[in-house]
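Visitor: Sequence and predicted structure are below.
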Amino acid sequence: VRVLEGDSFVDHLTVDDLELFEEGVPQKIKALYLVRSAEVQRKEGEKDFSPRTSRNFYLLFQMTDYTPKLAELIDYLFHQVLLPGDTLLLQTPMKNYSLSLQALMGKSRKTLAEEMNDLLKKDIKAGNKEYQTLFKDLKRIVTGIAGTNPMANMEEETPTAFQGGLEFLLNRYRETLRQMDQQRLLDEKKIIRFAYALKRVEGQKQVFFLYQREFRPEISPVVLNTLLSIYQDNPAVMADVQELFQFYARDVSINEELLKKAFADSLINFNFLFMNKEPDYASGILMREQSEDVFRAFSKIAQATGGYVDTSQNPAIAFKNAIDNASAYYLLYYSPENYQKDNQFKSIKVNAKNPSYIVQHRLGYFAN
């Protein structure tokens, strides 16, 4: 549980200052621990529950472009955050990297930070090679479609690839859009497996998911309307253009409620860091954002775990803010009244008796 007054953590609370409910039923708090980083600074209660406060950090990067600000983030992590006994898993678009205590002791923090940043930079570039190729193809195709002569802008780079005319370009455009969407589908089962895997990990589980705002190049409405006007006597072109309006609707079926409960149950502190960036504009092209579904889903996961959400163009600052938010918390112990292992989700609510305080905590747990 984190209790804030404005942006500041409130560190003087006792058991009597808090109220805890499960499924709306008041519960007796048996113990309270004030924890900073991995150290218990204060405790009170009937017995000592000997909490495990070791820290496990998970940094997940879903980014299409590398920014030098990531080097500042990694440098801050190694020089200001990681302590002996901490574990670190770094997930890039290519693979996972684990940092052991032995590695932390065997090399200087400066060397480790530089090596980790080099890996991140290389993997972001390599892991998004196909995506960037599709993105550039889309821009070229849209530019060609938007031109007075739809083939004019294509012939210089690919003289024989688009000999089918406008109908071929529209089909190629639709297929490239489909391939790009396939690259960015949210795999609900994979996300839930990640949460369940972390449930078995003891101690603090601090997850920082860095996601970069995404755009896809689409044919501008003006160009689409022009095509509908020019080719109104061509049924094939009319059908292709009208089909695009339906294709633009990105249907992402994801069970947000299940994801929220899975992450809350796994005792994860999930922090969602949304990296803002501006689109590249070009004539005839509409750069449409396609991050809304991701932002909504993972913001709700963060809220369900008592975590942090930040929107920034600077990942280093966003990470520092998230670390500050996660560095201190209260650990509460209670035994639910009439507890039964019925595999149902049990909601938890913690209130501070001071109404000016903001309370952050996980949504609940599965009774299994």
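Guide: Arrived safely, thanks for sending.
Visitor: Can you tell me how far residue 240 is from residue 231?
Guide: Applying C-beta to C-beta, to the nearest Å, the value for residue 240 to residue 231 is 9 Å. (Glycine included, C-beta is placed from N, CA and C.)
Visitor: Of those two, which one has the most company?
Guide: Neighbours per residue (other C-beta atoms under 10 Å) separate residue 240 from residue 231, with residue 240 holding more: 20 against 16.
Visitor: Next, count neighbours for the nearest residue to residue 267 once chain neighbours are set aside.
Guide: In this structure, residue 267 finds its nearest non-sequential neighbour in residue 205, 6.3 Å apart by C-beta to C-beta, 6 or more residues apart in numbering. A count of nearby residues for residue 205, using other C-beta under 10 Å, gives 21.
Visitor: now for the helix or strand containing residue 244, which elements pack on it?
Guide: Per DSSP states H and E, residue 244 falls inside helix 235-247. Applying 3 or more C-beta pairs under 8 Å, 6 or more residues apart in numbering; DSSP states H and E, one finds that helix 235-247 makes contact with helix 165-183, helix 221-230.
Visitor: On the three-state scheme, the residue lying farthest from the centre of the chain is what?
Guide: No residue in the chain sits farther from the centre than residue 233, which is 46.6 Å out by C-alpha atoms, centre = their mean. Under DSSP: H, G, I helix; E, B strand; the rest coil, residue 233 falls in the coil class.
Visitor: Could I get the pLDDT score of it?
Guide: For residue 233, the pLDDT comes out at 81.
Visitor: And for the one 5 residues further on?
Guide: Predicted confidence (pLDDT) at residue 238: the value is 79.
Visitor: which ones are touching it?
Guide: Neighbour list for residue 238: 228, 231-232 [criterion: C-beta atoms under 8 Å, 6 or more residues apart in numbering].
Visitor: now it: how far from residue 359?
Guide: 57 Å.
Visitor: tell me the contacts of the most centrally placed residue in the chain?
Guide: Geometric centre of the chain, nearest residue: residue 209, 4.1 Å, by C-alpha atoms, centre = their mean. Shown in contact with residue 209 (C-beta under 8 Å, 6+ apart): 60, 62, 270-273, 298.
Visitor: Mind doing that once more with 6 Å?
Guide: Taking C-beta atoms under 6 Å, 6 or more residues apart in numbering as the criterion, residue 209 is in contact with 60, 272.
Visitor: hey, what's it bridged with?
Guide: For residue 209, the beta-bridge partners are residue 60, residue 272 (DSSP bridges).
Visitor: same question, the one 10 residues further on
Guide: Residues found in beta-bridge contact with residue 219 (criterion: DSSP bridges) are residue 285.
Visitor: number of nearby residues for it?
Guide: Neighbour count for residue 219, taken as other C-beta under 10 Å: 23.
Visitor: for the one 5 residues further on, same thing?
Guide: Residues near residue 224, counting by other C-beta under 10 Å, number 19.
Visitor: Could you find the closest non-adjacent residue to it?
Guide: In this structure, residue 224 finds its nearest non-sequential neighbour in residue 241, 6.0 Å apart by C-beta to C-beta, 6+ apart.
Visitor: just residue 186 next, same as before
Guide: Using C-beta to C-beta, 6+ apart and skipping residues adjacent in sequence, the residue nearest residue 186 is residue 254, 5.4 Å away.
Visitor: can you confirm the one you found is in a helix?
Guide: No - Residue 254: not assigned to a helix; according to three-state DSSP it is coil.
Visitor: low pLDDT regions in the chain?
Guide: 101, 147-164, 184-185, 245-253, 282 (pLDDT under 70).
Visitor: rerun that using 50 as the cut-off
Guide: Along the chain, the parts satisfying pLDDT under 50 run over 148-163.
Visitor: how about the helices in it?
Guide: Shown for the chain, the helices assigned by DSSP state H span residues 69-76, 101-106, 109-127, 129-146, 165-183, 188-199, 221-230, 235-247, 256-265, 292-304, 315-326.
Visitor: and the angle for the fifth one with helix 129-146?
Guide: For helix 165-183 against helix 129-146, the angle between stretch directions is 150 degrees (axes from the mean of the first three to the mean of the last three C-alpha atoms, to 10 degrees).
Visitor: How about residues contacting helix 165-183?
Guide: Here helix 165-183 has contacts from 131, 134, 137-138, 141, 144-145, 150, 162, 236-237, 240, using C-beta under 6 Å, 6+ apart.
Visitor: Off-centre distance for it?
Guide: 27 Å (C-alpha atoms, centre = their mean, to the nearest Å).
Visitor: which of the residues in it are buried?
Guide: 166, 168-170, 172-173, 176-177, 180-181 (16 or more other C-beta atoms under 10 Å).
Visitor: Same check on the fourth one?
Guide: With burial defined by 16+ other C-beta under 10 Å, the residues of helix 129-146 counted as buried are 131, 134-135, 137-146.
Visitor: Contact partners for residue 323?
Guide: So residue 323 contacts residue 81 (C-beta under 6 Å, 6+ apart).
Visitor: swap in residue 341?
Guide: 367-368.
Visitor: wait, isn't residue 86 in contact with residue 56?
Guide: No - under the criterion of C-beta atoms under 6 Å, residue 86 is not in contact with residue 56, lying 7.3 Å apart.
Visitor: out of these two, which sits in the busier spot?
Guide: More crowded of residue 86 and residue 56, by other C-beta under 10 Å: residue 86, with 20 against 17.
Visitor: Excluding sequence neighbours, find me the nearest residue to the more buried one.
Guide: residue 55 (4.7 Å).
Visitor: Contact partners for the one you found?
Guide: Residues in contact with residue 55 (C-beta under 6 Å, 6+ apart) are 38, 86, 204.
Visitor: Tell me what the last one is bridged to.
Guide: Just to be clear, that refers to residue 204. residue 55.
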